[in-house]
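A.B. asks: Got a sequence here, can you model it:
(2 chains)
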Amino acid sequence: MADASSFSVTTPIFYVNDVPHIGHAYTEVATDVLARWHRQAGDDTWMLTGTDEHGQKILRTATANGVTPKEWADKLVAEAWVPLLETVDIANDDFIRTTEDRHETNVQKFLQKLYDDGHIYTGEYEGYYCVGCEEYKQQSELLPGEGEYEGQLVCAIHSKPVELLHEKNYFFRMSAFAEQLLALYEERPDFVQPESARNEVLSFVRSGLADLSISRSTFDWGVKVPWDDSHVVYVWFDALLNYITAVGYGQDDAEFTRRWPAQHIIGKDILRFHAVIWPAMLMAAGVDVPRGVFAHGWLLVGGEKMSKSKLTGIAPEQITETFGSDAFRYYFLSAINFGQDGSFSWEDLAARYQAELANGFGNLASRVVAMITRYCGGVVPAAAELSAADHEIASIEQRATDASWAAVERLAVHDAIAATWELVDALNGYLTVEEPWTLAKDPHQRARLETVLATAYHGLGTLAVLLSPVLPKATAKLWTALGAPGTVQEQRIDRANEWTLGERVSPLEALFPRIEVAE
RNA sequence: GGGGCGGUAGCUCAGCCGGUCAGAGCAGUGGACUCAUAAUCCAUCGGUCACGGGUUCAAGUCCCGUCCGCCCUACCA
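C.D. replies: Residues are numbered from 1 along each chain as shown, chains lettered A, B, ... in the order given. Next comes the predicted model:
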């Protein structure tokens, strides 16, 4: 049923000046799992991620480091952002940088079209500008400075002085799209998810929309406004367009039709840009709005939103070095209800790793493979007459397959994993009840022994397929040990329980070794 | 000031339109078992569902108010 349908999914593009932390990695992993899952369901899938490299802040840090902004961005992309994707094992199909020609050229095309169609006008703008935020601030967002900034106004977020700027700006007539946006939210209740995010957006748009300043003339690190090269495009306007410039907008109509619209996965901090400004921009240009915008929650550390400034930021490698990328992926996607805030703690991570991955799934794989090796000489046994318990396992495999795919289709990754884990638990329980080690002692029970092991073997293979989007490394090892044909990533996940059996098992190292705490 | 979300067992959280909804996992305790990564399985302890009212035959589940946490947004100045 999933055949031939197209599924494009995106992460936000990273602001290169940021330091990668587990929040970035969380967004990437969630998006990657959705993409892998759809890919394995036969969908024509495309996962896009990338970097946002324009703006005054980058210009300034580059200058401070004595290099050009492009050199600065190149360095950060190579040293921080591409490595982040490797750290958490992301299988993206494309990586766009906003400094690439395919982006800049088509941003200009897009902008020119809005200009030609009367959606842009010239205006004056005066306001306090925070370089850190890359945006103008309202009075309410400013605080009186202290210490060295005594007497100045400082940004409430960055605690650095803001600058009073006065500039000619080009404005996007966003206010004209309020009604169309409301109609969109009405007609497509799933356009903004989860429900809490949709409520935020609705109340915001209902309260009225202002026009949006979309150019800057005080610095030049950005895409030039095509009809006035003394201005560069406002970074956010520029950044949002990556979603279409990356898939051929203005350049390759066939590709664009194939890949757009995409489902956006974002953090809730940038909800408004994606659920209001972005669709308004697209409406103005006569381009389809996104398939949907899904805002996930914050990772809370010690009950607070994780933040770089509060030093609660955690680098993904801190986790993957000890637990591995599979565990990172599994932990954040299973422990957190996708869309809600979730608490992170090392204790919880370690506990879940041990209980669920090592003792639950890993040990299950280990005991099944070991018994087939020991009792059947490594030859995959064939099932004979099936008992009620065997049929029950088969039906749980079916249920896990159906339920997890249904959950993924509604972006409930957390539910998909939970549905799959029922099979892990069922198989461990099945083995305890059937006691193949006892059957093995009685030659007359040979057929039953082989049937039990065949049933467990089959369930394990189904698990490998179902968990491959979340645990790509471990399931690949397991697939090999099961002696199954092809790669696990090639298996249809929406028919996970129909995989083709192998003939011989091979030794399996511990998928999730126990972690001895040395501290 | 307006708005959004949340406050459920020690911990992390499920509980859709009101009627076995008082739950799960982990931790704790007791027992079984040995194929396996000292793993697995079973049983069990544990909560006045933030607080106060209200609607109802019936309310974590709806309404009002209060307190607490987080987030978005405004303004007097």
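A.B. asks: Which strand or helix spans A:Trp46?
C.D. replies: strand A:44-52 (DSSP states H and E).
A.B. asks: Let me fix that, I meant to ask about A:Arg329.
C.D. replies: Applying DSSP H and E as the criterion places A:Arg329 in helix A:325-335.
A.B. asks: next SSE after that helix?
C.D. replies: The helix or strand immediately downstream of helix A:325-335 is strand A:342-344, counting by DSSP H and E.
A.B. asks: next helix or strand past the strand holding A:Trp46?
C.D. replies: Where DSSP H and E defines the elements, the next helix or strand beyond strand A:44-52 is helix A:56-64.
A.B. asks: Next, the buried residues of that following helix.
C.D. replies: Residues of helix A:56-64 classed as buried: A:Gln56, A:Lys57, A:Ile58, A:Leu59, A:Arg60, A:Ala62 (neighbour count, 16 or more other CB atoms under 10 Å). Just so you know, the C-beta spots here come from the backbone N, C-alpha and C atoms, and that holds for glycine as well.
A.B. asks: what does stretch A:66-81 give?
C.D. replies: Buried-residue list, stretch A:66-81, by 16+ other CB under 10 Å: A:Pro69, A:Trp72, A:Ala73, A:Asp74, A:Leu76, A:Val77, A:Ala80, A:Trp81.
A.B. asks: related to what we said a few turns ago, and the helix holding A:Arg329, what does it pack onto?
C.D. replies: Contacts defined by 3 or more CB pairs under 8 Å, 6 or more residues apart in numbering; DSSP states H and E place helix A:325-335 against helix A:22-40, helix A:316-323, strand A:342-344, helix A:346-352, helix A:413-434, helix A:472-482.
A.B. asks: so how far is the longest one off the chain centroid?
C.D. replies: Between the centre of helix A:413-434 and the centre of its chain there are 25 Å (CA atoms, centre = their mean, to the nearest Å).
A.B. asks: Next, give phi and psi for the residue nearest to A:His54 when sequence neighbours are not counted.
C.D. replies: Nearest residue to A:His54 in three dimensions, chain neighbours excluded: A:Gly222, at 4.2 Å (CB to CB, 6 or more residues apart in numbering). Main-chain torsions, A:Gly222, degrees, to the nearest 10: phi 180, psi -170.
A.B. asks: For A:Gly222, give me its contacts.
C.D. replies: Applying CB atoms under 8 Å, 6 or more residues apart in numbering to A:Gly222 gives the contacts A:His54, A:Gly55, A:Arg216, A:Val232, A:Val233, A:Tyr234, A:Val235, A:Asp238.
A.B. asks: and of these, the nearest to A:Gly208?
C.D. replies: Set against A:Gly208, the nearest of the contacts of A:Gly222 by CB to CB is A:Tyr234 (20.7 Å).
A.B. asks: Now do the buried residues in stretch A:365-379.
C.D. replies: For stretch A:365-379, by 16+ other CB under 10 Å, it's A:Ala365, A:Ser366, A:Arg367, A:Val368, A:Val369, A:Met371, A:Ile372, A:Thr373, A:Tyr375, A:Cys376.
A.B. asks: which of those come close to RNA strand B?
C.D. replies: Of the residues in those, proximity to RNA strand B by CB under 7 Å from any atom of the strand holds for A:Ala365, A:Ser366, A:Arg367, A:Met371.
A.B. asks: Out of the residues you listed, which comes closest to A:Ile277?
C.D. replies: Checking these one by one against A:Ile277 (CB to CB), the nearest turns out to be A:Ala365, at 47.4 Å.
A.B. asks: And the residue in chain A positioned nearest to RNA strand B, how far from A:Val223?
C.D. replies: When scored by CB to the nearest atom of the strand, chain A has A:Gly362 as its residue closest to RNA strand B, at 1.9 Å. As for A:Gly362, its distance to A:Val223 is 49 Å (criterion: CB to CB, to the nearest Å).
A.B. asks: Could you do A:Ile270 as well?
C.D. replies: A:Ile270 is 19 Å from A:Val223, by CB to CB.
A.B. asks: who's more crowded, these two?
C.D. replies: A:Val223 (25 against 18; other CB atoms under 10 Å).
A.B. asks: Hmm, that one is touching A:Tyr234, no?
C.D. replies: No. Judged on CB atoms under 8 Å, A:Val223 makes no contact with A:Tyr234 at a distance of 9.6 Å.
A.B. asks: Quick check, pLDDT for the residue lying farthest from the centre of chain A.
C.D. replies: Distance from the C-alpha centroid of chain A peaks at A:His444, with 52.6 Å (CA atoms, centre = their mean). A:His444 is assigned 94 on the pLDDT scale.
A.B. asks: What of A:Thr105?
C.D. replies: If you check A:Thr105, the pLDDT there is 96.
A.B. asks: Would you tell me what helix or strand it is located in?
C.D. replies: Judged by DSSP H and E, A:Thr105 forms part of helix A:101-116.
A.B. asks: Could you figure out how far the next helix-or-strand element following that helix is turned away from helix A:101-116?
C.D. replies: Next helix or strand after helix A:101-116 toward the C-terminus (DSSP H and E): strand A:120-130. Relative orientation of strand A:120-130 versus helix A:101-116 (axes from the mean of the first three to the mean of the last three CA atoms, to 10 degrees): 120 degrees.
A.B. asks: Specify the angle between strand A:120-130 and helix A:56-64 in degrees.
C.D. replies: For strand A:120-130 against helix A:56-64, the angle by the same axes, to 10 degrees is 60 degrees.
A.B. asks: okay but A:Asp89 is in contact with A:Arg329, surely?
C.D. replies: Yes. If you go by CB under 8 Å, A:Asp89 and A:Arg329 touch, sitting 6.9 Å apart.
A.B. asks: The two - which one has more neighbours?
C.D. replies: Using other CB under 10 Å, the more surrounded residue of A:Asp89 and A:Arg329 is A:Arg329, with 26 against 19.
A.B. asks: Now do the nearest residue to the more buried one once chain neighbours are set aside against A:Thr11, distance only.
C.D. replies: Nearest residue to A:Arg329 in three dimensions, chain neighbours excluded: A:Val29, at 4.9 Å (CB to CB, 6+ apart). Distance of A:Val29 to A:Thr11, given as CB to CB: 10 Å.
A.B. asks: which parts of stretch A:204-219 are buried?
C.D. replies: Going by neighbour count (16+ other CB under 10 Å), the buried part of stretch A:204-219 is A:Val205, A:Leu209, A:Asp211, A:Leu212, A:Ser213, A:Ile214, A:Ser215, A:Arg216.
A.B. asks: Alright, that wraps it up for me.
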